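Colleague: Could you work out the structure for the sequence below:
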Amino acid sequence: MAVRKPLGIPLSDHIAAVAAGLFYREGIHVVGVDRVAAEAEITKRTLYRHFRSKDELVAAALRRSPRISFPREGDPAERIIGAFQAMIDFLRRGAYRGCPYIIASAELTDPRHPGRIVVRTMAAKRRAWFRDRAAEAGARDPEMLSEQLDVLFDGALASSSKRGETLPAEAALVAAQALLAASFERAAARAS
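Modeller: Numbering: from 1, shown residues only. Alright, predicted model coming up:
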């Protein structure tokens, strides 16, 4: 079904958004640039004027994939827990078929592919967000805590997707609370 470009949106953003939806719903390798152009109501030539290759389009689409908005307010520990609650809320809202970055990683086997670079960048940003909040909260080892929280977050997304329910994400929320409590208990014990 064709998607008209909303007013005030740059054409390249519109094309990437259409591609993001198609790639997410149907798969990167299944959807060709002809289909993206048709759905975006543009010519293939116009598409290639904005994106030199399908690989470039894939990377742009991944940058516009649906994201979970992490909390910007509250103390750092509350914000970390809020990120897990935001995941649960996100999963309850719609037609989630899995993390777009995990799906893309499964399809894009070349680690140098521009899409894989976007995936690594986005994953690093999430880990950095967890690390920064953990450091602000006074965790003894913010780097390790961020790795633990990120693995928990990714696993909950994958498991919730496979099972079609939010119970894994809800379990991850409880596990994140336990990780935070243990991290701060160890830090307090070492400080005394």
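
Colleague: what's the neighbour count on Thr109?
Modeller: Residues contacting Thr109 under the criterion other C-beta atoms under 10 Å number 8. (Each C-beta comes from the backbone N, C-alpha and C, glycine too.)

Colleague: so which helix or strand takes in it?
Modeller: Per DSSP states H and E: Thr109 is located in neither a helix nor a strand.

Colleague: ok, it to Gly8 distance?
Modeller: 38 Å (C-beta to C-beta, to the nearest Å).

Colleague: tell me the domain ranges of this protein?
Modeller: Following automatic domain parsing, the chain resolves into domains at 11-63, 76-191.

Colleague: Next, format those as TSV and append distance to Arg4.
Modeller: Rendered in TSV, the data for the domains of the chain read as follows (distance: least, C-beta to C-beta, whole Å):
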stretch	distance to Arg4
domain 11-63	6
domain 76-191	21
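
Colleague: weakest of the ones you listed in terms of mean pLDDT?
Modeller: Lowest mean pLDDT within the domains of the chain: domain 76-191, a mean of 91.

Colleague: follow-up on the earlier one: which one of the domains of the chain lies nearest to Ala2?
Modeller: Set against Ala2 and scored by C-beta to C-beta, the domains of the chain come closest in domain 11-63, at 5.0 Å.

Colleague: quick one: the most centrally placed residue in the chain and Gly74, what's the gap?
Modeller: Closest residue to the average C-alpha location of the chain: Arg67 at 5.0 Å, with C-alpha atoms, centre = their mean. From Arg67 across to Gly74, the span is 19 Å (C-beta to C-beta).

Colleague: do the same with Tyr96
Modeller: The gap separating Tyr96 from Gly74 is 25 Å, by C-beta to C-beta.

Colleague: Neighbour count for those two, which is higher?
Modeller: Neighbours were counted for Tyr96 and for Gly74 using other C-beta under 10 Å; Tyr96 has more, 17 against 12.

Colleague: mind listing what the more buried one touches?
Modeller: Tyr96 sits next to 90, 160-161 when contact means C-beta atoms under 8 Å, 6 or more residues apart in numbering.

Colleague: who wins for neighbours among those?
Modeller: In terms of neighbour count, Ser160 stands highest of the contacts of Tyr96 at 25 neighbours, by other C-beta under 10 Å.

Colleague: and it, what is it in contact with?
Modeller: Neighbours of Ser160 in contact, by C-beta under 8 Å, 6+ apart: 91, 96, 166-169.

Colleague: I figured Ala175 hits Leu152, correct?
Modeller: Yes. Counting by C-beta atoms under 8 Å, Ala175 does reach Leu152; the two are 5.7 Å apart.

Colleague: Who has more neighbours out of those two?
Modeller: Shown here are Ala175 and Leu152; by other C-beta under 10 Å, Leu152 has more neighbours (19 against 16).
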